[in-house]
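Student: Here is a sequence together with a model predicted from it:
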Amino acid sequence: MREDIIAATHTYALGLDKFDPKLALSAFAADAVWDATPVGLARYEGHEQILDFFERDAEQIENQFHIITNHIVHADSDTTAHGTNYVFSEGSTKGGAAFKAIALNEDTYVLTEDGWKISSRVISPLTPPQMDGFEA
C-alpha cells in the first residue's frame, strides 16, 4: 500500500514536470479535490476541473520541477489512507516570471479499481511562497 501511494504522488509530479496533464491527473481519484488555496492558488474538484488546471499550467510554464519527499502514510481501512509529504517546486513561466514553493501536502488516498489514488490534496506553505506572475 505505502509504496503504491508514494508512486501515485511521484506520478503526479512527473506528469506536471513532463507537461503531461493526463499523466498528472492519473494519480487522482475521479472525485478528487486539489486545494492550493493556502499557497494562493485555487481549489479544484473532480477530474474535469483538475485536468483544466493542469492543462493551463502546462501551457504557461517554461520549466519547472517538483521534488516530493518525506512521505508519512497511515492506513485508515483496507481501502482508505491519509498522509503527508513535502513538495519543493521551482520554475518559470513563458512570460519570464519565476516561482518557488516549499509546501506540505496533506493527502487522503483511496484504493480504486486502478490502484491507490489521491482523493484529496491540500497544499500548505512551509516557507513563504514566491508566486508573483504565476496565474493558473
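Tutor: Perfect, I can see it now. Numbers count the residues shown, from 1 in each chain.
Student: List the buried residues for stretch 35-45?
Tutor: 35-36, 39, 41, 44 (16 or more other Cβ atoms under 10 Å). C-beta here means a position set from N, CA and C on the backbone, and glycine is covered the same way.
Student: Rebuild the residues you listed as a markdown table, extending it with distance to I50.
Tutor: Shown next, in a markdown table, are the buried residues of stretch 35-45 (distance: Cβ to Cβ, whole Å):
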| residue | distance to I50 |
| --- | --- |
| D35 | 10 |
| A36 | 11 |
| V39 | 16 |
| L41 | 12 |
| Y44 | 5 |
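Student: show me the contacts for N63.
Tutor: By Cβ atoms under 8 Å, 6 or more residues apart in numbering, the contact list for N63 reads 91-92.
Student: Tell me which two in the buried residues of stretch 35-45 are the farthest apart.
Tutor: Using Cβ to Cβ, the pair of the buried residues of stretch 35-45 lying farthest apart is V39 and Y44, separated by 13.6 Å.
Student: sorry, back to before: could you single out the nearest of the buried residues of stretch 35-45 to I72?
Tutor: D35 (19.0 Å).
Student: bridging residues for the closest one?
Tutor: R43, V122 (DSSP bridges).
Student: Please tell me how far it sits from S92.
Tutor: D35 is 24 Å from S92, where distance means Cβ to Cβ, to the nearest Å.
Student: do the same with I5
Tutor: Distance from I5 to S92, by Cβ to Cβ: 30 Å.
Student: neighbour-wise, which of those two wins?
Tutor: Legend: neighbour count by other Cβ atoms under 10 Å for I5 and S92, higher for I5 (24 against 16).
Student: So for the closest residue in space to T93 that isn't next to it in sequence, what's the pLDDT?
Tutor: The shortest distance from T93 to any residue other than its chain neighbours is 5.2 Å, reached at Q60 (Cβ to Cβ, 6 or more residues apart in numbering). What the model reports as pLDDT for Q60 is 93.
Student: Quick check: Q60 touching G95?
Tutor: Yes - with contacts counted by Cβ atoms under 8 Å, Q60 reaches G95, the gap being 7.3 Å.
Student: So for these two, which residue has more residues nearby?
Tutor: Comparing Q60 with G95 by neighbour count (other Cβ under 10 Å), the higher total belongs to Q60, at 14 against 10.
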